[in-house]
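K.L.:
Sequence below, structure please.
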Amino acid sequence: MQGKITKRAVDRLLVPAAGEAVLWDNEIKGFGVRIQRAGAKAYILQYRAGSGRAAPLRKYTIGRHGSPWTATNARTEATRLLGLVASGKDPAAVKAADRVAETVTDLAADFLAKHVETRRKTRTIAEYRRLLDKIILPALGKRKVQDVTRAEVAKLHHGLRAAPYEANRVLAVLSKMFALAEAWGLRDAPAGNPARGIEKYPERKRERMLSAEELGRLSDALRAYQEAGGSRYVVGAVRLLVFTGARLSEILGLQWSWIDFDRGEARLPDSKTGAKTIHLPDPAMAVLADLPRLDANPHVIVGMKPGAPLVNLEKPWRAIRGMAGFHDLRLHDLRHAFASIAASSGMGLPIIGKMLGHTQAATTARYAHLAADPVKAAAASVADKIEQAMNRRAEG
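P.N.:
Numbering: from 1, shown residues only. Sure, this is the predicted structure:
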């Protein structure tokens, strides 16, 4: 059938006895409206993708009759599409590619499998998964990788402003993920990285130091916790954190076979910064001597499952710090306490960095303000001698 496609013409279309019927417009070549046996009507466009009769014939569905597609705006869309065809484009191919284009959820799966799980450590993998599952995918998961905009990423980042550290980690994950999307050909370079150029929130370094009096209160709380039936392995883990400045994961994952008792050190085959030696001074060695070794468990800090280490110290730590009255003290603050005491005792930052296993000097530099000032100490010594001389003069 042929005729001008108008609202009246579309309304008068009769349902075919079988298959479908098409009314082709007599003004715009290839523009038609299709009616199927079930009564559904849709606007279509038929064209050749290329020049000559050998060019493939394409059928493009503009949309179903009814809001938003009317005879008038479907005609306008058909004219626009034919303009694209004339310029060498293939709207049907673009539409098909967009239909199968990867979503952010698909990209996240590739990102984890091809990049994170092969290059990152277990705890980092778990953190990436948490950020993706809890924050990124609920907001952007259904979006096409190619269509995500900087405004969308900025909105997500801004929504997390109350937790600046987490907001910045989300931004970092998105930035890396979309950089890989470009490298893998999933996002055109002109679209750019939607996470690039978004300013991170300032992060305040939280450094909770412990005084000598507070360390005494912590010791009393550990003793009270164990006397009340608390696990001696929990107490041992906390004491090892205090005496070594090691990371929590390093102490919980520590195995007896890694310990050289003669040299007083534990050689970790892997850590956050790679292979590492934890130095075990006499107080740490005394803690180890007090911990029972289980034949069927290679770990120093034993967990509830046979053969496994303790994996979570947070619940018992909350009980211990409550006994000590430290409601704001984190387990990681014990590492800060170790470093701050080392700095205030006059130890150089390079030595402190070695003890803590820092690979970057800038990481240790946060303790510089605590380091003993040799000029100040020298000035104090001179002043003391002058004061002594003046006092002797006054007494004479």
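K.L.:
isn't residue 264 right next to residue 278, touching?
P.N.:
No. In this structure residue 264 lies outside contact range of residue 278 using C-beta atoms under 8 Å: 9.9 Å. For glycine as for every other residue, the C-beta is placed from the backbone atoms N, C-alpha and C.
K.L.:
Between these two, which is the more surrounded one?
P.N.:
residue 278 (24 against 15; other C-beta atoms under 10 Å).
K.L.:
does the more buried one count as helix, strand or coil?
P.N.:
Using DSSP: H, G, I helix; E, B strand; the rest coil, the secondary structure recorded for residue 278 is strand.
K.L.:
residues near the closest residue to residue 238 other than its chain neighbours, how many?
P.N.:
By the measure of C-beta to C-beta, 6 or more residues apart in numbering, the closest residue to residue 238 outside its immediate chain neighbours is residue 222, 6.1 Å from it. Residue 222: 20 surrounding residues under other C-beta under 10 Å.
K.L.:
For residue 222, list the residues it contacts.
P.N.:
Residues counted as contacts of residue 222 (C-beta atoms under 8 Å, 6 or more residues apart in numbering) are 235, 238-239, 320.
K.L.:
Strands along the stretch 51-200 of the chain, start to end?
P.N.:
Using DSSP state E, counting those that start in this stretch, the strands of the stretch 51-200 of the chain run over 57-64.
K.L.:
Under the pLDDT cut-off, which ranges of it? List them.
P.N.:
Flagging of the stretch 51-200 of the chain using pLDDT under 70 yields the residue ranges 97-101, 189.
K.L.:
Please repeat the previous calculation with a cut-off of 80.
P.N.:
Within the stretch 51-200 of the chain, the stretches with pLDDT under 80 are 52, 94-101, 121, 123, 185, 188-191.
K.L.:
Assess the claim that residue 202 and residue 161 are in contact.
P.N.:
No. In this structure, residue 202 is not within contact of residue 161 by C-beta under 8 Å, at 10.8 Å.
K.L.:
So for these two, which sits in the more crowded spot?
P.N.:
Each of residue 202 and residue 161 has its neighbours counted (other C-beta under 10 Å); residue 161 has more, 10 against 7.
K.L.:
Most neighbours among the contacts of residue 222, which one is it?
P.N.:
That'd be residue 238 among the contacts of residue 222, by other C-beta under 10 Å, with 25 neighbours.
K.L.:
For the residue nearest the centre of the chain, which non-adjacent residue is closest in space?
P.N.:
Centrality entry for the chain: nearest residue to the mean C-alpha point is residue 128, 4.0 Å, by C-alpha atoms, centre = their mean. Closest residue in space to residue 128, ignoring its immediate chain neighbours: residue 116 at 5.1 Å, by C-beta to C-beta, 6+ apart.
K.L.:
likewise residue 19?
P.N.:
Nearest one to residue 19, counting by C-beta to C-beta, 6+ apart, is residue 37 at 6.7 Å.
K.L.:
Tell me who's in contact with the one you found.
P.N.:
Applying C-beta under 8 Å, 6+ apart, the residues near residue 37 are 15-20.
K.L.:
Show me which of these are buried.
P.N.:
Among the contacts of residue 37, none is buried by neighbour count (16 or more other C-beta atoms under 10 Å).
K.L.:
So which of those belong to strands?
P.N.:
residue 20 (DSSP state E).
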